[in-house]
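> I would like the atomic coordinates for the input below:
(one chain, ligands or ions: 1)
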Amino acid sequence: MPSEESHVFHPHPSVTKNAYVNSMAQYQQMYKKSLENPDEFWGEIAKQFHWETPIDNRNFFRFNFDLTKGPIFTKWMDGATTNVSYNLLDRNVRNGNGDKVAYYWEGNHPDDYSRLTYKKLLEEVCQFANVLKARGVKKGDRVAVYMPMILEAVITLLACARIGAVHSLVFAGFSSDSFAERIYDCEARVIVTADGVWRGEKLLQLKTICDQAMAKCSKDGHNVETCIVVSHLERVTAPKSGVPHKQTNKTPMIPGRDVWWQEVVPQASTSCYPEWMQAEDPLFMLYTSGSTGKPKGVVHTTGGYMIYAATTFKYVFDYKPNDVYWCTADIGWITGHSYVVYGPLANGATSVLFEGTPFYPENDRFWTVVDKYKVTQFYTAPTAIRTLMKFDDHLVTKHDLSSLRVLASVGEPINPEAWLWYYKLVGHQRCSIADTFWQTETGGHVLTTLPGVHPMKPGAAGFPFFGVEPVLLDENGKVIKGEGEGYLVFARPWPGLMRTLYGNHDRYELTYFSKFPGYYCTGDGAKRDADGYLWVTGRVDDMLNVSGHLMSTAEVESVLTEHHGVAEAAVVAKPHPVKGECLYCFITLTETGKFDDKLLQELKTHIRGRIGPFAQPEVIQNAPALPKTRSGKIMRRILRKIAVNDRDVGDISTLADSSVVEQLFASRPANA
Ligand code: WTA
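Just a heads-up that it's a prediction; the model follows:
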């Protein structure tokens, strides 16, 4: 069998034909310009946006990435002023796109759907901006948002942007403790939420969680003054087996503090003059977990983030004016910010905003929605793909997916098995796949293949986006040229890179810039193959060292899932008296898989064959489910605890289903 790296899939002529970038030469020429002359490259893009105070070309871009030379900073278009909501809404309406659909909203229940045009979105954003102003929200104030995937969530973010308030959205799946911690950290005095939401057949009482969070904050001396609540449950269809919402919708409201959205927004004026913001003023903050300590409040700024989200969206999805784009990510994550809200709207795009889950009412909901809206670009996560792969192919093939042109993936390295399934079954070997590597911190895609240009290799992120200069370093900070594997770092900022951590610039410098002076450190490892493709191998902290052999957990997982009996795998390091560390593997079986000695033997042999004898797993545990966050990330921290039978697992409130943890402790194999 040829090595994985030699599997190359060329973009289909139908994708290449009309792509913005459709040859390697064109990509190389644009990429070269973006590095050699960033001012001109990004200056031409910035010109397509409205700047109230024009950009000073002598002051276009400055940065320092080297702590030995002084504080770390990045500034793009410093001194120019603009407003992001003006550029996303007013500008598109003025350009004749007022009647164009900005969002098709698809509810949890297939009977619930609606649409919103650019003109209407602008009006509603202005109305809500006026409500926020009336409640005393001013430029620079933080507004905490805890919302489901509904149109009001988008409206809230843009209303904040309109008046220069900094939104701090917390995924509406975090516990009240986590939410309280984040409200407290950013000192938000206003919260925007909804009464509740159905996810499949499960009802989430969001307002109750907000109440608990607000109570915790007051105990710590921080009072939330206003909580605006969208009345959502009443207008949607409850699932048949769910508790009728009339009974559950007794949302307690505290007079003075709590107000219904529907009671204040419709009265407000539909025009609101935008607050002109400095390019380097914050647009929003978003918390991401750190490997140690409190979550980090990643801060993104106005000008740079806007042009970067817009540009990556345009080229990576090759978005054309009549396309219908769908990103399944929740708005609570950076993918939701950049590629459900800011990127698409900056391009005047039409998107699907989906409230539900892939499994309700049936396991083919994704494909039903693609067919219903004739989606052209589909963006999801490997974990979703792997879950859907477990079902009968017919659930995919019975739908007309011929509208699709570009598929994309984000969140973790995609294993070749899943990539191929996505490519063949969903994309009919015609769609390009963009495996987009990026982080909350990077603001937008930084490594990917572009749809009309790059031949694709299953599992490889590919090449740098414009303006991005990736470097691989060894442990001593020496640059690895050509083929090799090391720390993935970046030698300079692109416009969308975060500027600081909220209230803690020291931690920013320490976390990202102290290990290798002169570089932004991603915390991920990567290898470069002979053709120059970058393969992200996973977090550096997920590296395994077995008898001196370094390997990534992702690498082993990918090999395990190649076996037809294995749907998903997670591998962690377990301390070993002789080898230093050994491999402890958790596997979820496919429908046809059977957990028996034969399977264990086959997997061990397969790993020995694919990686080497040193990679042979010590323990393989049957894991009907894995501990995952709601965004689908496997929490390896917990698996490491299970591997060593240490029940002190810490905070598991971010898990989608915390009962999984107990199940796994209870079913540890005898040899573990
Ligand atoms: C991982 C999500 C490999 C990586 C946008 C990164 C990926 C972390 C990929 C950031 C990918 C994300 N290939 N790894 N295509 N995309 N990652 O902040 O470890 O939630 O550092 O941002 O996810 O996760 P975050």
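
> What is the burial count for Ser351?
Neighbours of Ser351 under the rule other C-beta atoms under 10 Å: 28. C-beta: built from backbone N, CA, C; applies to glycine.

> need the contact list for it.
For Ser351, the contacting residues are 102-104, 324-327, 340, 344, by C-beta atoms under 8 Å, 6 or more residues apart in numbering.

> and it, that one's in a helix?
No - applying DSSP: H, G, I helix; E, B strand; the rest coil, one finds Ser351 to be strand, outside a helix.

> can you pull up the bridge partners for it?
According to DSSP bridges, the residues that bridge with Ser351 are Tyr103, Tyr325.

> Would you mind measuring from it to the ligand?
According to C-beta to the nearest ligand atom, to the nearest Å, Ser351 and the ligand sit 17 Å apart.

> so what's His10 closest to, chain neighbours aside?
Pro455 (4.8 Å; C-beta to C-beta, 6 or more residues apart in numbering).

> cool, and Tyr487?
Nearest to Tyr487 is Leu473, by C-beta to C-beta, 6+ apart, at 4.7 Å.

> tell me the contacts of that neighbour?
479-480, 486-487, 489, 516, 519 are the contacts of Leu473 under C-beta under 8 Å, 6+ apart.

> and the stretch 251-400 of the chain, which of its residues are near the ligand?
Contact residues (C-beta under 6 Å from any ligand atom) of the stretch 251-400 of the chain with the ligand: 288, 333-335.

> Of those, which is the nearest to Ala153?
Nearest to Ala153 among these is Trp333, at 12.5 Å by C-beta to C-beta.

> where's the closest residue in space to the closest one that isn't next to it in sequence relative to the ligand, distance?
The shortest distance from Trp333 to any non-neighbouring residue, by C-beta to C-beta, 6+ apart, is to Ser631 (5.2 Å). According to C-beta to the nearest ligand atom, Ser631 and the ligand sit 7 Å apart.

> Go ahead and confirm Ser631 touches Ile334.
No - at 9.8 Å, Ser631 and Ile334 do not qualify as touching, with contact defined as C-beta atoms under 8 Å.

> more crowded one of the two?
The neighbour comparison of Ser631 against Ile334 (other C-beta under 10 Å) goes to Ile334, with 24 against 19.

> Would you check how far apart the more buried one and Val340 are?
Relative to Val340, Ile334 is positioned 10 Å away (C-beta to C-beta, to the nearest Å).

> again with Ala25
From Ala25 over to Val340 the distance is 33 Å, taken as C-beta to C-beta.

> who's more crowded, these two?
For Ala25 versus Val340, neighbours defined as other C-beta under 10 Å are more numerous around Val340 (28 against 10).

> who does the helix ranked longest in the chain touch, helix- and strand-wise?
When the chain is parsed with DSSP state H, its longest helix is helix 118-134. On a contact count with 3 or more C-beta pairs under 8 Å, 6 or more residues apart in numbering; DSSP states H and E, helix 118-134 meets strand 101-106, helix 151-163, helix 261-264.

> In contact with whichever residue of the stretch 351-500 of the chain sits closest to the ligand, which residues?
Scanning the stretch 351-500 of the chain for the residue nearest the ligand gives Thr440, at 3.4 Å (criterion: C-beta to the nearest ligand atom). The contact partners of Thr440, by C-beta under 8 Å, 6+ apart, come to 286, 288, 298, 333-334, 498.

> Name the nearest residue to Glu591, sequence neighbours excluded.
Once flanking residues are discounted, Glu591 sits nearest to Lys390: 5.9 Å by C-beta to C-beta, 6+ apart.

> Touching, that neighbour and Ala567? I think so.
Yes - contact criterion C-beta under 8 Å: Lys390 and Ala567 qualify, at 4.9 Å.

> Residues in contact with both of these two, list them for me.
Thr590.

> Same drill for the two, tell me which one is more crowded.
Per other C-beta under 10 Å, whichever of Lys390 and Ala567 has more neighbours is Ala567, with 20 against 15.

> For that one, pull up the helix or strand it's in.
Assigned by DSSP states H and E, Ala567 belongs to strand 566-576.

> Describe which strands that strand pairs with in its sheet and in which direction.
When DSSP bridges is applied, strand 566-576 pairs with strand 580-589 (antiparallel).

> Which residue does the stretch 151-300 of the chain have closest to the ligand?
Scanning the stretch 151-300 of the chain for the residue nearest the ligand gives Thr288, at 5.0 Å (criterion: C-beta to the nearest ligand atom).

> Run a quick neighbour tally on that residue.
Burial of Thr288 is recorded as 15 neighbouring residues (other C-beta under 10 Å).

> Show the pLDDT at the residue lying closest to it once chain neighbours are set aside.
Leaving aside its sequence neighbours, Thr288 sits nearest to Thr440 (C-beta to C-beta, 6+ apart; 4.1 Å). Per-residue pLDDT puts Thr440 at 92.

> swap in Met543?
On pLDDT, Met543 comes in at 61.

> how about the chain, which residue sits the furthest from its center?
Note on the chain: the largest C-alpha distance from the chain mean falls to Val578, namely 39.2 Å (C-alpha atoms, centre = their mean).

> Please settle this for me: is it part of a helix?
No - counting by three-state DSSP, Val578 is not part of a helix but coil.

> Distance of it relative to Thr605?
Per C-beta to C-beta, Val578 is found 22 Å from Thr605.

> what's the answer for Asn18, then?
47 Å.

> Likewise for Phe391?
28 Å.

> Settle it for me: which of these two has more neighbours?
Set Phe391 next to Thr605 and count neighbours by other C-beta under 10 Å: Phe391 wins out with 16 against 11.

> Name the SS class of that one, please.
Assigned with three-state DSSP, Phe391 falls in the coil class.

> Do I have it right that it meets Phe366?
No - Phe391 is not in contact with Phe366 according to C-beta under 8 Å; the separation is 10.9 Å.

> Contact partners for the residue of the stretch 501-650 of the chain found nearest the ligand?
The ligand sits closest to Val536 of the stretch 501-650 of the chain, with a gap of 3.7 Å, by C-beta to the nearest ligand atom. By C-beta under 8 Å, 6+ apart, the residues touching Val536 are 413, 437, 447, 461, 488, 524-526, 554.

> Where does the most centrally placed residue in the chain fall, secondary structure wise?
The chain has Thr335 as the residue nearest its centroid, 3.1 Å off, counting by C-alpha atoms, centre = their mean. Taking DSSP H and E as the criterion, Thr335 maps to helix 334-336.

> got any ranges where the stretch 401-550 of the chain has weak pLDDT?
For the stretch 401-550 of the chain, residues meeting the criterion pLDDT under 70 lie at 541-543, 545, 547-550.

> Which parts of it are helices?
Ranges of helices within the stretch 401-550 of the chain are 416-421, 505-513, based on DSSP state H, counting those that start in this stretch.

> could you pull out the helices for the stretch 151-300 of the chain?
Remark: helices assigned in the stretch 151-300 of the chain by DSSP H, counting those that start in this stretch are 151-163, 176-186, 206-219, 245-248, 261-264.

> counting contacts, what elements does the third one pack onto?
If I follow you right, that is helix 206-219. Secondary elements touching helix 206-219 (3+ C-beta pairs under 8 Å, 6+ apart): strand 142-146, helix 176-186, strand 190-194, strand 226-230.

> rerun at 6 Å
Where contact means 3 or more C-beta pairs under 6 Å, 6 or more residues apart in numbering; DSSP states H and E, helix 206-219 is packed against helix 176-186, strand 190-194.

> now those as JSON lines including mean neighbour count?
JSON lines is the format used below for those (neighbours: other C-beta atoms under 10 Å):
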{"stretch": "helix 176-186", "mean neighbour count": "21"}
{"stretch": "strand 190-194", "mean neighbour count": "27"}
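
> At which residues are the strands of the stretch 301-450 of the chain located?
Here the stretch 301-450 of the chain has its strands, by DSSP state E, counting those that start in this stretch, at 324-327, 350-354, 377-380, 406-410, 432-436, 447-448.
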